[in-house]
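> coords below, sequence missing:
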């Protein structure tokens, strides 16, 4: 249990101090790991069918009727992966295009593009399923959201060069073009055509996002306001004090010894870093140092 607690604390610390692109990568990887651990446990228990049934509750359904009973699916499906290679491919392009968007138009626009692209992909998948039943019953994966990042990066910096392993420096416009060709081939060949249609829906959203921004309409603002509202509500919930009367012993002890001041605690942590390095800090000390850096 202590090992799991330590891993969980490190994960939460990474999410707090990292940029939004790294956070998306960590979240997608953590969800993939959790899903596959659950699958492994159920497989050993001979309940693989139960895993598939439960997974579908978080995938994007092709049926509007099914969606009525799982309205969270358009959001959750874009963080779900089963295949490791599917995950790795998405994480590579997520980092590539997300970093370009963050550098050129700011990190506050990365997550809105990702979320809106995922929603656009979900809509494209559902609409296509009404016309072409062979697209499949469910969709999952971040590819639609990642293609939205690709579309936005294409408009923002088509000539930007990215270094790829074994290939050298390649311009963004050629990388995106190859991804689009693969999607078109997949649709024409009826190979995961529903997924590829979702990719194109996300890609179109990325193009429109930058176009709208250039016209003076920033689609990230309402998304960020909603995310800030949810974050504020969660923070207030976690910080809500518990109504508990202090014990006489704790009251006496508080009179005898005062807690160290903010500056004293900060100095002690900095001294500890100098003596033993950053890795010697406890998760609580790391969180205190992170909060102190924002003041």
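Alright, I've got the coordinates. Keep in mind that this is a model prediction, so the values were computed, not measured.

> in the stretch 51-200 of the chain, where is pLDDT below threshold?
Residue ranges of the stretch 51-200 of the chain with pLDDT under 70: 133, 190.

> could you pull up the residues touching the residue nearest to residue 38 when sequence neighbours are not counted?
Residue nearest to residue 38 in three dimensions, not counting chain neighbours: residue 51, with 6.6 Å by C-beta to C-beta, 6 or more residues apart in numbering. In short, each C-beta sits where N, CA and C put it, glycine included. For residue 51, the contacting residues are 38, 39, 42, 43, by C-beta atoms under 8 Å, 6 or more residues apart in numbering.

> the first one sits in which helix or strand?
Of the helices and strands defined by DSSP states H and E, residue 38 is found in helix 20-44.

> helices and strands around that helix, which ones?
If you count contacts as 3 or more C-beta pairs under 8 Å, 6 or more residues apart in numbering; DSSP states H and E, helix 20-44 packs onto helix 2-17, helix 48-56, helix 84-105, helix 110-131.

> sorry, back to before: closest to residue 115 among the contacts of residue 51?
residue 38 (24.6 Å; C-beta to C-beta).

> now do stretch 210-225: distance from first to last residue.
19 Å (C-alpha to C-alpha, to the nearest Å).

> and that stretch, which residues are buried?
When burial is assessed from 16 or more other C-beta atoms under 10 Å, stretch 210-225 yields the following buried residues: 210, 213, 218, 219, 220, 223, 224.

> ok, now stretch 266-273?
266, 269.

> give me the mean pLDDT for it.
For stretch 266-273, the mean pLDDT works out to 74.

> buried stuff in the helix holding residue 38?
By neighbour count with 16+ other C-beta under 10 Å, helix 20-44 contains the buried residues 20, 21, 22, 23, 24, 25, 28, 31, 32, 35, 39, 42.

> swap in stretch 64-76?
So for stretch 64-76, counting by 16+ other C-beta under 10 Å, buried means 66, 67, 70, 73, 74, 76.

> what of stretch 184-194?
So stretch 184-194, judged by 16+ other C-beta under 10 Å, has buried residues 186, 187, 192, 193, 194.

> how about residues contacting that stretch?
62, 125, 128-129, 132, 134-136, 139, 195-197, 200.

> change it to 7 Å
62, 125, 128, 129, 132, 134, 135, 136, 139, 196, 197 (C-beta atoms under 7 Å, 6 or more residues apart in numbering).

> are any of those residues buried, and which?
62, 125, 128, 129, 135, 136, 139, 196, 197.

> my read is that the last one contacts residue 122, right?
No - counting by C-beta atoms under 7 Å, residue 197 does not reach residue 122; the two are 10.8 Å apart.
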